[in-house]
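A.B. asks: have a look at this fold, sequence not included:
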DNA sequence: ATAAAACTTGCATATTATTGCAACATGTTG
DNA sequence: CAACATGTTGCAATAATATGCAAGTTTTAT
């Protein structure tokens, strides 16, 4: 069997079955596993599939469809960079969804080994691109407006967790009214997240600061760290600093 | 034998057999391998065939495997249309992930009111575009290769459900070996899904039929409905019909 | 923590390609 | 027809490619 034939065969089959083992291919085509590995390496270099330990995965499944139009994307990237630094190897991290969180996930270093809990479908999708992290999806009813799971089941699952850190993308934060949102179900989930974490980190563009919505999640004093695109010395943030919130 | 005769002969044979070896041609036509190589080079330059190390491949061979993504999508759309009809208002539906399932979700009518359970992140994302359905996300550890949640927690959640119908995108189906897959964790989840449903429906392109993988999910006789892009009368499917599987 | 499986690297070998060249055939032109 | 240009083929030397094996390392699974 010619090399090209083999590679075509491999490609066809990886797209058919999503996953192939080196040993199986070697057996099927009567060549050594070394040859198969070299084929897979080559196909992987050409971006035709994804090589993994033991075999290969189809690319069609694993490819990322990039979010195109995110509001204020540059600010969010700045926030993402700052926030990503807070996560260390071995940590248990609870996260919500939202575009700012998605940006933070993209900013996570490749070699980070940590465990992330989330009920957000877009966040889960983004986490899957990272090779060295574990993802625990929190199940329950999926809210279409917020794209996260909500409900008693989700909340009780969250309460079972003892996380090191909780990173929330937020809707509104006000020095007096604290952290607020407008979806009752989401509020309950976020409350549970805060309760289950040692440390609470909020990620938000400065525009959302000193706005408020109808339902309270927590008070300003309950927040540990606030990450915005602004310099920590910015006057907008000083009232929060005065209330004991660390500014990043 | 004249050069032109040789090249005509080569072209005829490459289209007949899809592949040729330099050594074989040299022997058949009693000319040196150098000459054959020069012929192949020339034909390749004129775009008549594809020259590779050791021989040549026909153009159709190469493009048929390279170009199948489009064909596959069309097949999957046909499958999706057929399968979507099985879901009626008020039903509880368990689904796996996979590209065929995604197509089926896209094919669901706008006015369908039903409840869907899934552990697949891409499927969940797709379901969210539909206005009138409820989605229950099954939580647990997220498997990066299969993009669905796996593990004991997920399985016990699935077992709590009493679904009307279970729709599975599959990896391999063989008349004797039944439904098989290559990921132990995924197999466990799919098994649980089958057990929790009154009716089992498999969605697959015909290419996966009569292939098998390492781990068994269920026997052929345990399948209720098989949906492919083929006509129900296709001879490939008749053995399944004989075993009591309904063909759509 | 340990053993098994999978991977990497370097190397040996065999197969396949390339190149220049000589031999011969074919075709062209005055 | 002779002389010359052109094209084709095979050969030999050399280069490049493909493949398997073995030793040592890394990753994964139990």
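C.D. replies: Nice, thanks for sending it over. This one's a predicted model, so the numbers in the text were calculated from it and none came from an experiment. Numbers count the residues shown, from 1 in each chain, chains lettered A, B, ... in the order given.
A.B. asks: and the residue of chain A nearest chain B?
C.D. replies: With CB to the nearest CB as the measure, the residue in chain A that lies nearest chain B is residue A:139; the distance is 2.6 Å. All C-beta atoms are positioned from the backbone trio N, CA, C, and that covers glycine.
A.B. asks: close enough to count as contact, that residue and residue B:136?
C.D. replies: Yes. Under the criterion of CB atoms under 8 Å, residue A:139 lies in contact with residue B:136, with a separation of 7.3 Å.
A.B. asks: what does chain A put close to chain B?
C.D. replies: Taking CB under 8 Å from any CB of the partner chain as the criterion, chain A approaches chain B at residues A:2-5, A:8, A:11-12, A:15-19, A:21, A:52, A:57, A:60-62, A:119, A:121-122, A:124-125, A:127-128, A:131, A:134-142, A:144, A:147, A:149, A:154, A:157.
A.B. asks: among these, name the buried ones.
C.D. replies: The neighbour-count test (16 or more other CB atoms under 10 Å in any protein chain shown) applied to the residues of chain A next to chain B identifies A:2, A:4-5, A:8, A:11, A:15-19, A:21, A:52, A:57, A:61-62, A:119, A:121-122, A:124-125, A:127-128, A:135-142, A:147, A:149, A:154, A:157 as buried.
A.B. asks: which of those come close to DNA strand C?
C.D. replies: Taking CB under 7 Å from any atom of the strand as the test, DNA strand C is in contact with A:21, A:52 out of those.
A.B. asks: in helices only, show me the buried ones among the residues of chain A next to chain B.
C.D. replies: The helices in this structure, assigned by DSSP state H, contain A:4-5, A:8, A:11, A:15-17, A:61-62, A:121-122, A:124-125, A:127, A:154, A:157 from these.
A.B. asks: averaging pLDDT per element, find the lowest-scoring helix or strand in chain A.
C.D. replies: helix A:59-62 (a mean of 80; mean pLDDT, DSSP states H and E).
A.B. asks: any residues touching that one, and which ones?
C.D. replies: A:15, A:18, A:47, A:48, A:49, A:50, A:128, A:129, B:69, B:99, B:144, B:147 (CB atoms under 8 Å, 6 or more residues apart in numbering or on different chains).
A.B. asks: any idea how far stretch A:146-164 is from the chain center?
C.D. replies: 15 Å (CA atoms, centre = their mean, to the nearest Å).
A.B. asks: next, the distance between the ends of it.
C.D. replies: 24 Å (CA to CA, to the nearest Å).
A.B. asks: other residues contacting stretch A:182-189?
C.D. replies: Outside of stretch A:182-189, the residues within contact range by CB under 8 Å, 6+ apart are A:96, A:119, A:143, A:145-146, A:148-151, A:154-155, A:158, A:171, A:181, A:213-217.
A.B. asks: just to be sure, residue A:185 is in a helix?
C.D. replies: Yes. Counting by DSSP: H, G, I helix; E, B strand; the rest coil, residue A:185 is part of a helix.
A.B. asks: pretty sure residue A:201 contacts residue A:169?
C.D. replies: No. Counting by CB under 8 Å, residue A:201 sits too far from residue A:169 to count as a contact (10.3 Å).
A.B. asks: could you pull out the helices in chain A for me?
C.D. replies: Counting by DSSP H, the helices of chain A are A:3-17, A:22-29, A:33-45, A:59-62, A:73-84, A:99-106, A:121-127, A:152-160, A:184-195, A:238-242.
A.B. asks: out of those, which gets the lowest mean score?
C.D. replies: Confidence, taken as mean pLDDT, is least for helix A:59-62 of these (a mean of 80).
A.B. asks: how long is stretch A:114-124 from one end to the other?
C.D. replies: Chord length of stretch A:114-124, first to last residue, is 14 Å (CA to CA).
A.B. asks: which parts of chain A sit against DNA strand C?
C.D. replies: Applying the criterion CB under 7 Å from any atom of the strand, the portion of chain A that neighbours DNA strand C consists of A:21, A:22, A:23, A:33, A:34, A:37, A:41, A:52, A:53, A:54, A:55.
A.B. asks: would you mind listing the two of those residues that lie farthest apart?
C.D. replies: Comparing all pairs in those by CB to CB, the longest separation belongs to A:34 and A:52, at 17.0 Å.
A.B. asks: quick check: bridge partners of residue A:49?
C.D. replies: Assessed by DSSP bridges, residue A:49 has beta-bridge partners residue A:58.
A.B. asks: these two touch, right, it and residue A:63?
C.D. replies: No. Under the criterion of CB under 8 Å, residue A:49 is not in contact with residue A:63, lying 11.0 Å apart.
A.B. asks: neighbour-wise, which of these two wins?
C.D. replies: residue A:49 (22 against 11; other CB atoms under 10 Å in any protein chain shown).
A.B. asks: wait, what's in contact with that one?
C.D. replies: Taking CB under 8 Å, 6+ apart, one finds A:10, A:11, A:14, A:40, A:43, A:56, A:57, A:58, A:59 in contact with residue A:49.
A.B. asks: again, only using 6 Å
C.D. replies: Contact partners of residue A:49, counting by CB atoms under 6 Å, 6 or more residues apart in numbering or on different chains, are A:14, A:43, A:56, A:59.
A.B. asks: now residue A:20
C.D. replies: Taking CB under 6 Å, 6+ apart, we find residue A:20 in contact with A:13, A:14, A:55, A:56.
A.B. asks: now the two most distant members of the residues you listed.
C.D. replies: The largest distance within the contacts of residue A:20, taken as CB to CB, falls between A:13 and A:55 and amounts to 10.7 Å.
A.B. asks: so which of the helices of chain A gets nearest residue A:115?
C.D. replies: Closest approach to residue A:115 among the helices of chain A is made by helix A:121-127 (10.4 Å; CB to CB).
A.B. asks: returning to that earlier point: mind putting the contacts of residue A:49 into a markdown table with distance to DNA strand D?
C.D. replies: Conversion of these to a markdown table gives the following (distance: CB to the nearest atom of the strand, whole Å):
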| residue | distance to DNA strand D |
| --- | --- |
| A:14 | 18 |
| A:43 | 12 |
| A:56 | 13 |
| A:59 | 18 |
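A.B. asks: buried subset of those as a ChimeraX selection?
C.D. replies: Selection command for ChimeraX covering only the buried members of the contacts of residue A:49, criterion 16+ other CB under 10 Å:
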select /A:14,43,56,59
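A.B. asks: setting aside sequence neighbours, what's the nearest residue to residue A:134?
C.D. replies: Nearest-residue entry for residue A:134: residue A:115, 4.4 Å, with adjacent residues in sequence omitted and distances by CB to CB, 6 or more residues apart in numbering or on different chains.
A.B. asks: partner residues bridging the one you found?
C.D. replies: Per DSSP bridges, the residues bridged to residue A:115 are residue A:92, residue A:134.
A.B. asks: tally of neighbours for it?
C.D. replies: Neighbour count for residue A:115, taken as other CB under 10 Å: 17.
A.B. asks: ok so, going back, nearest to DNA strand D, of the contacts of helix A:59-62?
C.D. replies: The shortest gap between DNA strand D and any of the contacts of helix A:59-62 belongs to residue B:144, at 10.8 Å (CB to the nearest atom of the strand).
A.B. asks: what's the distance between the closest residue in space to the closest one that isn't next to it in sequence and residue B:225?
C.D. replies: For residue B:144, ignoring the flanking residues on the chain, the nearest one in space by CB to CB, 6+ apart is residue A:128 at 5.2 Å. Using CB to CB, to the nearest Å, one obtains 31 Å as the distance from residue A:128 to residue B:225.
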